[in-house]
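>>> this is a predicted model, with the sequence first.
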Amino acid sequence: MPRASRAIPAAPPVNTYGLPALGYEDIPLTGDRDNDQIYIEGVCFRIGLTQREGGLGKFEHFKNFVDLVWNNPRRPVPKKFIWCRENEKILRECCKRDELGVAGPSSLGKSEPVALWAVVNYITDPTHTKVLIMSTTITGAKHKIWGRFREFIDALPDYAGKPLWGTNRLLGPNYAETGYGESSGVYLLAGQKGHEKDALDNLIGIKAPATGEPDVSPEALRERLEFRGLDRQFDEMELASLLPRLLTLGDERPGKIIFVIDEATGIVESVLNAIGTNMKPGNPGGKLQVIMIGNPNLHWDVFGLFCEPAVGWDNVTLKDYEWETKNGGWCIRFNAEESSLIRDKKKECFWMQSQKDIDGVADFGGGRKSLYYYRFVLGMWCPEGADSGVYSQGDVEPGMGKAVWIDTRPKLHSSLDPSFAAGGDKPSCTFFKYGVDMTGKRVMEVTEQIAIEVDAGDKKVPIPYQVARGWKRECIKRRIPPERASFDSTGGGVVFAGIVAMEWSHKVQAISSGGKASVRPVGKEKDEKGERLKANQRFANKATEIWYGAHPFLRSGQIYGITTTLAKEICSRRHTERRGGGTGRTVQVEDKPAYKKREGGSPDDADSFFVGVEHLRTKYGFKPAERAGDETPTAADVREPNTAWEQLKKRARRVTTKTNLPRA
């Protein structure tokens, strides 16, 4: 027998939630029950109509609106929204907070409810709402939050706005609703390194859309005809809250900016500065809402700074699922081990990680105490000592300050990771100063990191030649001679080294990270016999030795200028240990394919930085001063090795010995 079709429930009568009694008389009912109820739910959501005022509260009206528009069996659309504990928690907090951090594991679906929040806010008030959606890249956003936004809004049969999807914009209607413009609408921005200027240009000076100059004092509003008589229903405190909210339904009123940042761990710090120094002061009184979404990584990346607890990181643990932030906002976090799919057996949440997925993350990432597991399963910032990375946050933090020089002219150097020869994503160049600081120590300070531009479509000039020429051009622009430049020759070997020598100079130092580790001592470590431990006893290969090369210098305060972006790469590479070596164990960094599979890209900036450290160690005698008095050079000690002048002096000494000089 054929299966009986599920009956579609009849529409209940329209509920106005007492809006006319509040002075809001103009409810344009059309006779289409669902259309009318959608409109009323939207109005109640906008003003946050409370139960005391006859409504249900902001979130309940939001939920009713969503179910009427996207989940309505009487008006089916191609996009549904699935309610679960995680989605409901996120949206409830969106209804309450002007600053909200949403931290959680991968595949939780964090972007979906926040994209829906953006859509509902816009379509319920399209002339006075401006939504900015930012992610690390435009391409990535189209597969995540921007893609979800498009799905929700494209499912609607009609909405106010002019889509320009080719330029990632949805223009809002002007205040008179006679055309479209950029005062309102929804816009996609990229906020990763290299796009700082474009991102900041869109943020600096931005104002919430507004009409007129409304007088929002409760005393003035109570004199308006539509609001008279409310003092018989509400006391003074209730009126002070209600009347300004009712005003947002009129013609003269302020609007709101909603700034959503997805993949917040990869956003440049200048965006966070723009929020605090420009956007918030320029949009006071709740006219700006900032929502950041991410997989927690480091305490001092943009997401970590935004979500930093008011009580400090040391006072929150895995038992904490929400807290007030240092800046007065709120952070909520989720744990994949307790998701709706696992704990509630809610099969509709098929996108969430299964127990098998979680076990796989533990195996792949280095255990259940690794940074990887904390990020992508526990949805929590990893505490010190719980990670198995080459560097921890505590290791790198001392290098994030600025050097104070005693040497008035520290020398500028450059190091290059060509990338094309070693599985990288971009040719990364690091510029850094080397000299003597106020403590008398030799110091390295990173000043800049850039990507050497290449044209893959240029059939006349091969990529290696483009890289060599571009790097030389950038160094000459900064007056860096070839003897103060170095590059990673691994993979490219003699071929790229020959190109650099031909295009620039044979004085440029080629550093190979291939092969065995050296016999150089490893800081102050000692083996079982009490002798200085050598690198080939501690490290499995040369690449590992180079990556660990900054440890003693960071401990002794001899490296500065590490940016948040560089720090994230340095701390994200993992290592493994195995039996062997003079201490009973040998350390090896993970290979590039494994790193790229996990992080989605290559640590090219970090590779370039470590080549620079190795350059100073091997060519300029850069040594760690891990104890006071280990190294107290003067500025004159930091000299150019093997320059023409030095060679001339050495030659003069050889030919002027007593045995070589004839008697007069």
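Received the coordinates, thanks.
>>> what's around the closest residue to residue 255 other than its chain neighbours, how many residues?
The spatially closest residue to residue 255, leaving aside those adjacent along the chain, is residue 128, at 3.1 Å (CB to CB, 6 or more residues apart in numbering). C-betas here are computed from N, CA, C, even on glycine. Counted with other CB atoms under 10 Å, the neighbours of residue 128 add up to 21.
>>> confidence score at residue 128?
If you check residue 128, the pLDDT there is 93.
>>> lowest-pLDDT helix or strand in this protein?
Within the chain, no helix or strand scores below helix 644-655, which has a mean of 54 by mean pLDDT, DSSP states H and E.
>>> just confirm the residue nearest to residue 255 contacts residue 184, I think it does.
Yes. Contact status for residue 128 versus residue 184: in contact at 6.3 Å, counting by CB atoms under 8 Å.
>>> pull up the overlap in contacts between the two.
Taking CB atoms under 8 Å, 6 or more residues apart in numbering as the contact rule, residue 128 and residue 184 both touch 209, 255.
>>> average pLDDT for stretch 489-500?
When pLDDT is averaged along stretch 489-500, the result is 81.
>>> I meant to write stretch 62-76 there.
Mean predicted lDDT for stretch 62-76 stands at 96.
>>> just checking, what packs against the longest helix along the chain?
The longest helix of the chain (DSSP state H) is helix 604-620. Applying 3 or more CB pairs under 8 Å, 6 or more residues apart in numbering; DSSP states H and E, one finds that helix 604-620 contacts strand 411-417, strand 428-436, strand 442-451, strand 485-488, strand 509-511, helix 542-547, helix 564-572.
>>> for the ones you listed, which one sits closest to residue 377?
Closest approach to residue 377 among the helices and strands packed on helix 604-620 (CB to CB): helix 564-572, 16.3 Å.
>>> what separation do you get for residue 130 and residue 119?
Here residue 130 is placed at a distance of 14 Å from residue 119 (CB to CB, to the nearest Å).
>>> about what we covered before: with just CA atoms, put the longest helix of the chain into CSV.
Provided in CSV are the C-alpha atoms of helix 604-620 (Å, rounded to 0.1, in the frame of the first residue of the first chain):
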residue,chain,number,x,y,z
ASP,A,604,57.1,29.4,4.4
ASP,A,605,57.5,32.5,6.6
ALA,A,606,58.8,30.4,9.4
ASP,A,607,61.2,28.5,7.1
SER,A,608,62.6,31.8,5.9
PHE,A,609,63.0,33.1,9.4
PHE,A,610,64.9,30.0,10.5
VAL,A,611,67.2,30.2,7.5
GLY,A,612,68.0,33.7,8.7
VAL,A,613,68.9,32.4,12.2
GLU,A,614,71.2,29.8,10.6
HIS,A,615,72.8,32.4,8.4
LEU,A,616,73.8,34.5,11.5
ARG,A,617,75.1,31.4,13.3
THR,A,618,77.2,30.0,10.6
LYS,A,619,78.5,33.1,8.9
TYR,A,620,78.5,35.8,11.6
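>>> residues of that helix that come out buried?
For helix 604-620, burial by neighbour count (16 or more other CB atoms under 10 Å) applies to 604-617, 619-620.
>>> so residue 181: helix, strand or coil?
strand (DSSP: H, G, I helix; E, B strand; the rest coil).
>>> ok, and the closest non-adjacent residue to it?
Leaving aside its sequence neighbours, residue 181 sits nearest to residue 174 (CB to CB, 6+ apart; 5.2 Å).
>>> give me the pLDDT for that neighbour.
At residue 174, pLDDT is 90.
>>> count the residues that sit near it.
Neighbour tally, residue 174, other CB under 10 Å: 15.
>>> list just the nearest of the buried residues of helix 604-620 to residue 96.
The closest of the buried residues of helix 604-620 to residue 96 turns out to be residue 605 (CB to CB; 38.8 Å).
>>> ok, the nearest residue to residue 48 once chain neighbours are set aside to residue 96 distance?
Excluding its sequence neighbours, the residue lying closest to residue 48 (CB to CB, 6+ apart) is residue 58, at 3.9 Å. To residue 96, residue 58 is 8 Å away according to CB to CB.
>>> higher neighbour count, these two?
Taking neighbours as other CB under 10 Å, residue 58 and residue 96 compare with residue 58 leading, 20 against 11.
>>> isn't that one up against residue 95?
Yes. If you go by CB under 8 Å, residue 58 and residue 95 touch, sitting 4.2 Å apart.
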